[in-house]
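>>> the amino acid sequence is not available; the structure is as follows:
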């Protein structure tokens with residue numbers, strides 16, 4: 001059935017929107033649809049709000065659905081009640097409409113995963129119980145399924161049992177990681193769900209407590225030792241997780257990956273864990289890419305759990321990145337697709353489509369401007385600042401300042417400085433830039449203060465009123 005779609009837009013975007021929709025409609029891969037574009041009297045589509053639409057759009061005609069700009073603010077459910085048809089946001093940039101139609105307007109399902117995240121609190125012995133619970137809540141919010149309490153060699157942990165009990169009372173699943181058998185016994189008796197890590201030599205602990213053991217080789221890199229521990233648990237009917245130990249780069253990384261492959265081939269149905277901190281923590285590289293690669297292998301090997309850490313400053317988001325990576329790889333595996341087009345959460349430094357407008361297209365838009373307000377856009381050739389007085393282009397914001405003539409308008413100068421700094425960063429890193437929007441750093445992005453970003457306008461107006469008095 002052919003849908004009738006009503007697109008709402010502003011004056012500046014109307015021509016471009018019609019061009020893009022015409023191209024989308026003519027693509028044989030696009031489901032058939034008819035469309036109508038309505039420009040509702042604002043110059044910039046991003047300034048549109050649901051309240052403004054409700055006042056100005058009296059009826060929707062034969063439309064089956066209304067599409068508003070992606071940056072439109074407000075509650076769309078009120079508009080749906082007013083018009084009696086679905087009202088939804090399109091992409092933030094109208095140049096992304098082909099992708100929007102390609103996914104039938106539905107975001108990929110990233111609600112499912114097959115890997116549990118054990119998030120380790122490595123300095124637990126030095127923290128109070130309250131401090132441990134606070135950190136546990138932080139890791140849980142980032143996606144952790146199990147909170148792992150790390151014990152340190154030769155460091156007393158007198159409140160270990162109370163810590164386990166407090167975490168359990170707060171609703172957490174708990175694992176305890178120690179080389180000390182006494183610590184493991186205390187943790188198991190206090191109610192820990194998992195114990196890391198037992199070998200064939202310490203497997204007797206699993207018979208003393210109800211906790212699920214995580215098995216590792218008794219000797220480094222010894223798969224036969226790990227196999228003996230696994231076989232003992234299988235004979236006893238004791239649930240377990242096996243870990244072949246992932247080594248850091250230049251200290252056996254490749255061999256350790258081979259060990260995981262051999263472990264999975266020999267035991268296709270057992271639960272397997274991989275500790276990923278030896279790569280995320282011990283490599284000076286952005287952890288987004290490391291986690292993406294690791295979880296690609298984890299997905300192929302059907303690994304069921306990871307032990308993740310967030311200690312080094314550069315690994316501050318490692319738990320959250322692991323959460324995105326496991327969901328992305330699960331969805332791609334189910335769809336039998338490459339892990340592309342599911343989320344930008346792991347694209348921190350660059351974007352796949354950074355420059356959606358060419359220099360010529362920006363000049364065409366600039367020619368329509370009849371007011372003194374500055375617009376900023378970024379193309380492959382640099383930054384473009386324009387208003388009714390002309391368009392100025394450069395890769396250096398300082399070279400643009402003499403053209404802006406805001407010497408006597410501090411608030412406006414401040415605003416343009418902030419925006420041009422963002423634009424320059426976007427151009428340098430090949431990222432998407434949208435005026436008045438924070439740059440998107442993927443999982444590292446913070447929630448934007450939508451009031452602060454427009455406060456400069458009120459300040460500028462007040463400054464001008466005060467001068468005119």
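Cool, got the structure. Because the structure is a prediction, the values reported are computed rather than measured.

>>> isn't residue 256 right up against residue 247?
Yes - counting by CB atoms under 8 Å, residue 256 does reach residue 247; the two are 4.3 Å apart. In short, each C-beta sits where N, CA and C put it, glycine included.

>>> can you pull out the helices in the stretch 301-450 of the chain?
In the stretch 301-450 of the chain, the helices defined using DSSP state H, counting those that start in this stretch lie at 318-335, 359-366, 397-404, 410-429.

>>> residues making contact with stretch 309-327?
By CB atoms under 8 Å, 6 or more residues apart in numbering, the residues outside stretch 309-327 that reach it are 110-115, 117, 119-120, 122, 139, 142-144, 276-277, 280-281, 284, 286-288, 291-292, 294-295, 298, 306, 308, 343, 345-346, 443-444.

>>> one more: stretch 277-292?
Contacts of stretch 277-292 (CB under 8 Å, 6+ apart): 120, 246-249, 253, 276, 294, 307-309, 311-312, 314-315, 317-318, 321-322, 324-325, 328, 339, 346-349, 442-443.

>>> restrict those residues to the buried ones and give me that as a PyMOL selection.
Selection of buried members from those for PyMOL, criterion 16 or more other CB atoms under 10 Å:
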select buried, resi 120+246+247+276+294+307+308+309+311+315+317+318+321+322+324+325+328+339+346+347+348+442+443
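
>>> on that earlier part again, need the winner for burial among the helices of the stretch 301-450 of the chain.
Per residue and on average, the most neighbours among the helices of the stretch 301-450 of the chain fall to helix 318-335, with a mean of 23 (mean count of other CB atoms under 10 Å).

>>> mind checking the pLDDT average for it?
Averaged over helix 318-335, pLDDT sits at 96.

>>> ok, now stretch 147-164?
For stretch 147-164, the mean pLDDT works out to 96.

>>> tell me the pLDDT of residue 41.
pLDDT, residue 41: 87.

>>> gap between the two ends of stretch 437-446?
Taking CA to CA, to the nearest Å, stretch 437-446 runs 12 Å from one end to the other.

>>> show residues contacting that stretch.
Stretch 437-446 is touched from outside by 71, 92, 288, 317, 320-321, 324, 344-348, 351, 422, 425-426, 431-433, 448, with contacts defined as CB under 8 Å, 6+ apart.

>>> quick one on the thing from earlier: can you redo the helices of the stretch 301-450 of the chain as JSON lines with distance to residue 205?
JSON lines is the format used below for these (distance: least, CB to CB, whole Å):
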{"stretch": "helix 318-335", "distance to residue 205": "28"}
{"stretch": "helix 359-366", "distance to residue 205": "67"}
{"stretch": "helix 397-404", "distance to residue 205": "62"}
{"stretch": "helix 410-429", "distance to residue 205": "50"}
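
>>> wait, which of these is closest to residue 270?
helix 318-335 (18.9 Å; CB to CB).

>>> just give me how far that closest one sits from the chain centre.
Put simply, helix 318-335 sits 10 Å off its chain's centre (CA atoms, centre = their mean, to the nearest Å).

>>> stretch 20-29 now?
Per CA atoms, centre = their mean, the centroid offset for stretch 20-29 relative to its chain is 30 Å.

>>> please apply the same query to stretch 332-340.
A distance of 18 Å separates the centroid of the chain from that of stretch 332-340, by CA atoms, centre = their mean.

>>> what does it rub up against?
Applying CB under 8 Å, 6+ apart, the external contacts of stretch 332-340 come out as 112, 292, 296, 299, 328-329, 342, 352.

>>> do the same with stretch 247-258
Contacting residues not belonging to stretch 247-258 are listed as 221, 244-246, 278-279, 282-283, 297 [CB under 8 Å, 6+ apart].

>>> buried among those residues? Make that a ChimeraX selection.
In ChimeraX, selecting the buried portion of the contacts of stretch 247-258, with burial taken from 16+ other CB under 10 Å, looks like this:
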select :244,245,246,278,279,283
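
>>> most widely separated two among the contacts of stretch 247-258?
By the measure CB to CB, 221 and 283 form the most distant pair in those, at 20.2 Å.

>>> the stretch 1-150 of the chain: strands as residue ranges?
If DSSP state E, counting those that start in this stretch is used as the criterion, the strands of the stretch 1-150 of the chain fall at 3-9, 33-39, 65-68, 87-89, 116-121, 146-150.

>>> so can I have TSV of these showing distance to residue 161?
Converted to TSV, those look like this (distance: least, CB to CB, whole Å):
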stretch	distance to residue 161
strand 3-9	61
strand 33-39	63
strand 65-68	56
strand 87-89	51
strand 116-121	16
strand 146-150	11
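
>>> so for residue 77, which of these sits nearest?
strand 87-89 (8.1 Å).

>>> for the closest one, which positions count as buried?
Quick answer for strand 87-89 (16+ other CB under 10 Å): residue 87.

>>> low-confidence regions, the stretch 51-200 of the chain specifically.
102-107 (pLDDT under 70).

>>> in the stretch 1-150 of the chain, which spans are helices?
All helices of the stretch 1-150 of the chain, identified by DSSP H, counting those that start in this stretch, fall at 14-26, 50-56, 76-83, 97-102, 129-142.

>>> what's the ChimeraX line that selects buried ones from the contacts of stretch 309-327?
ChimeraX command restricting the contacts of stretch 309-327 to the buried ones, with burial defined by 16+ other CB under 10 Å:
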select :110,113,114,115,117,119,120,122,139,142,143,144,276,277,280,281,286,287,288,291,292,294,295,298,306,308,343,345,346,443,444
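
>>> which of the contacts of stretch 277-292 fall within strands?
Using DSSP state E to define strands, the subset of the contacts of stretch 277-292 located there is 120, 307-309.

>>> pLDDT check: weakest of the contacts of stretch 247-258?
Within the contacts of stretch 247-258, lowest confidence goes to residue 221 (92).

>>> isn't that one right up against residue 259?
Yes - between residue 221 and residue 259 a contact is recorded at 7.1 Å, counting by CB under 8 Å.

>>> intersection of neighbour lists for these two?
With CB under 8 Å, 6+ apart, residue 221 and residue 259 have common neighbours residue 245.

>>> give me the element residue 183 is part of.
Element membership for residue 183 (DSSP states H and E) is helix 181-190.

>>> that helix packs against which elements?
Counting contacts by 3 or more CB pairs under 8 Å, 6 or more residues apart in numbering; DSSP states H and E, helix 181-190 packs against helix 160-169, strand 173-177, strand 194-198.

>>> at 10 Å instead, please
Packing contacts for helix 181-190, counted by 3 or more CB pairs under 10 Å, 6 or more residues apart in numbering; DSSP states H and E, involve helix 160-169, strand 173-177, strand 194-198, strand 212-215.

>>> quick one, what contacts the closest residue to residue 371 other than its chain neighbours?
In this structure, residue 371 finds its nearest non-sequential neighbour in residue 388, 5.8 Å apart by CB to CB, 6 or more residues apart in numbering. Residue 388 makes contact with 366, 368-374, according to CB atoms under 10 Å, 6 or more residues apart in numbering.
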